[in-house]
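S.K.: Okay, sequence plus prediction incoming.
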Amino acid sequence: MSTKARILEVAAALVAESPDGDVSTRAVCEAAGVGAPALYRHFGDKEGLLSAVVDHGWERYLAAKRHRTPGTDPVQDLRDGWDTHIEFALQNPNLYRLMNSPAMRTPPAAALESHQILTSDLQRAAEQGKLRLAPELAAQMIMSANVGVALMLVSRPATFTDGTVARRVRDAVHAAVFTPDVMDSRTASGPDAGEARVPATAARLNALLRQAAAPTLTLAETTLLTEWLNRLSNE
């Protein structure tokens, strides 16, 4: 193992074991058996070291998502994705708080990749007529809720003691994102179904047009149509 890899591994372990999730460069150097110059040479300073720990955490989080085979039901994939996100946070509370800390001024590329994976699953749902919003807006809603719940669970465990909170928030957000028949087939003919039909149809048409091999519209027409469909689907 290289010196850089050893320092990173030790730093990640100390973050996980720390009562408050913080570590000192001196403690990292002592545990890794290196001098301060070696740490600064590889990571620059403490912020650079913690940024590397965050990148390492995101790589762990994305490992399974990158190699998964999408199922036939994107909605179930999205439910599973929410649950595995919560599970990762609960298993790595200090690391998760660091991964989502506002002190990390530049979002890691892996964080953007995670958002793209979520958006891709929502795009598949839109293509099947199961989404009542544009995939991009739905992704922002789901990601912000998922991260928010996870942070509350790991940061305030004494307050958030109900084990069903994450699932309840997931279902509430999904109810706002997916068409009623997806959430409960019994509501497919209810009053909400008619209200959701236009947004869902607009979202589906928008998603299908993006997949069109040879669009017949001009760039200006495509831009205008996309704006209209986004407005209808996000209403």
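M.R.: Received the coordinates, thanks.
S.K.: could you pull out the helices for this structure?
M.R.: Applying DSSP state H to the chain gives helices spanning 3-17, 25-32, 36-43, 46-67, 74-91, 93-99, 109-127, 135-155, 165-177, 180-183, 191-211, 219-233.
S.K.: counting contacts, what elements does the third one pack onto?
M.R.: Just to be clear, that refers to helix 36-43. helix 3-17, helix 25-32, helix 46-67 (3 or more CB pairs under 8 Å, 6 or more residues apart in numbering; DSSP states H and E). Yep, even glycine has a C-beta here, placed from its N, CA and C like the rest.
S.K.: List phi and psi for residue 24.
M.R.: phi -100, psi 150 (degrees, to the nearest 10).
S.K.: what about it, neighbour count?
M.R.: By the measure other CB atoms under 10 Å, the count of residues near residue 24 is 11.
S.K.: Please list all residues in contact with it.
M.R.: residue 46 (CB atoms under 8 Å, 6 or more residues apart in numbering).
S.K.: Could you export stretch 42-57 as PDB, CA atoms only?
M.R.: C-alpha atoms of stretch 42-57 as PDB (Å, rounded to 0.1, in the frame of the first residue of the first chain):
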ATOM      1  CA  HIS A  42      -0.100  14.300  -0.700                       C
ATOM      2  CA  PHE A  43      -3.100  16.300   0.500                       C
ATOM      3  CA  GLY A  44      -2.000  19.900   0.900                       C
ATOM      4  CA  ASP A  45      -3.700  20.500   4.200                       C
ATOM      5  CA  LYS A  46      -6.400  19.200   6.500                       C
ATOM      6  CA  GLU A  47      -9.200  20.400   4.200                       C
ATOM      7  CA  GLY A  48      -7.500  18.600   1.300                       C
ATOM      8  CA  LEU A  49      -7.300  15.400   3.400                       C
ATOM      9  CA  LEU A  50     -11.000  15.600   4.400                       C
ATOM     10  CA  SER A  51     -11.900  16.200   0.800                       C
ATOM     11  CA  ALA A  52     -10.100  13.000  -0.100                       C
ATOM     12  CA  VAL A  53     -12.000  11.200   2.700                       C
ATOM     13  CA  VAL A  54     -15.200  12.500   1.200                       C
ATOM     14  CA  ASP A  55     -14.300  11.300  -2.300                       C
ATOM     15  CA  HIS A  56     -13.400   7.900  -0.800                       C
ATOM     16  CA  GLY A  57     -16.800   7.800   0.900                       C
END
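S.K.: Run through who's touching that stretch.
M.R.: Counting by CB under 8 Å, 6+ apart, 3-4, 7-8, 11-12, 15, 24-25, 28, 39, 92, 95-96, 98-99, 103-104, 106, 108, 110 sit against stretch 42-57.
S.K.: thinking again about what came up before, is it possible to get JSON lines of the helices and strands packed on helix 36-43 that adds mean pLDDT?
M.R.: Formatted as JSON lines, the helices and strands packed on helix 36-43 follow (pLDDT from 0 to 100):
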{"stretch": "helix 3-17", "mean pLDDT": "91"}
{"stretch": "helix 25-32", "mean pLDDT": "92"}
{"stretch": "helix 46-67", "mean pLDDT": "86"}
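S.K.: Let me know which of these is the nearest to residue 144.
M.R.: Taking CB to CB, helix 46-67 is the member of the helices and strands packed on helix 36-43 nearest to residue 144, at 16.9 Å.
S.K.: how about the closest one: buried residues?
M.R.: 46, 49, 50, 51, 52, 53, 54, 55, 56, 57, 58, 61 (16 or more other CB atoms under 10 Å).
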